[in-house]
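A.B. asks: fold the following, please.
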Amino acid sequence: MSSNDKYGVDQDPYCYRGTGTLKNLLDLHDEDDLNEAERYLTEAAAERLEFIEPPYSLDTLKQIHRTLFSAIYSWAGEIRTVKISKGGNQFCVPDRIEPEAAREFRKVESNGWFEGYSRDLLLKAVAESYSTLNVAHPFREGNGRAQRMLFEWIIINAGYEINWWEVDKQEWIKANHQSFHGDDGPLIQIFDRCIGLPIMEDNADDA
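C.D. replies: Predicted coordinates for the structure are as follows:
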């Protein structure tokens, strides 16, 4: 988590001085305590998020992030202002985040938000788009949780069930690392487990 993100200078302004722990509204200086609080509070906040139909945009992702993290970070929903990397991967520099994200959202919109895609085609399209937005990494922390919620909406809108419980954390991190370097295969395999059957609409006339 935060200790794996490197600012590139002596002190990350998002962190308490001399630590890798992000400054937070709970004033927790121990990273393990912060991680536990994050998990609990974001799970509770996620229950307040209701599915919305497209169009989606970076503003949608910012609103999701704000809902999930507003009880933890004062900058929830705001684009990061520092360079960060993780596992040796340098994410998008701050001044390129918005244009790169906007380009990806325009691409997905031009593809009709993947509506009408077969399941096999959806797996590849979702993995590719997820990977592209992951490189943008708009926020200082919490990108994965916010982005998974957004893609849950995209997948549901495309007409398919989605269950993230099939994801192992370390496998997810490794798959994202590989997709960062151009190999979407492992990420496609994870989405293949998470994306279920087509959603069947209830029809009262069939009752």
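A.B. asks: just the pLDDT for the residue most central in space within the chain.
C.D. replies: In the chain, the residue lying closest to the centroid (C-alpha atoms, centre = their mean) is residue 147, at 2.0 Å. Per-residue pLDDT puts residue 147 at 97.
A.B. asks: and the gap between it and residue 121?
C.D. replies: Distance of residue 147 to residue 121, computed by C-beta to C-beta, to the nearest Å: 21 Å. C-beta: built from backbone N, CA, C; applies to glycine.
A.B. asks: quick revisit: where's the residue lying closest to the residue nearest to the centre of the chain once chain neighbours are set aside relative to residue 183, distance?
C.D. replies: With C-beta to C-beta, 6 or more residues apart in numbering as the criterion, residue 147 has its nearest non-adjacent residue at 6.0 Å, and that residue is residue 133. The gap separating residue 133 from residue 183 is 17 Å, by C-beta to C-beta.
A.B. asks: let me know whether residue 67 touches residue 47 as I believe.
C.D. replies: No. Residue 67 sits out of contact with residue 47 when judged by C-beta atoms under 8 Å, with a separation of 10.3 Å.
A.B. asks: so those two - more neighbours on which side?
C.D. replies: Remark: of residue 67 and residue 47, residue 67 carries more neighbours, 18 against 7, as counted by other C-beta atoms under 10 Å.
A.B. asks: ok, that one - contacts?
C.D. replies: Contacts for residue 67 (C-beta atoms under 8 Å, 6 or more residues apart in numbering) come out as 45, 48, 49.
A.B. asks: and for the second one, the neighbour number?
C.D. replies: Burial measure for residue 48: 8 neighbouring residues, criterion other C-beta under 10 Å.
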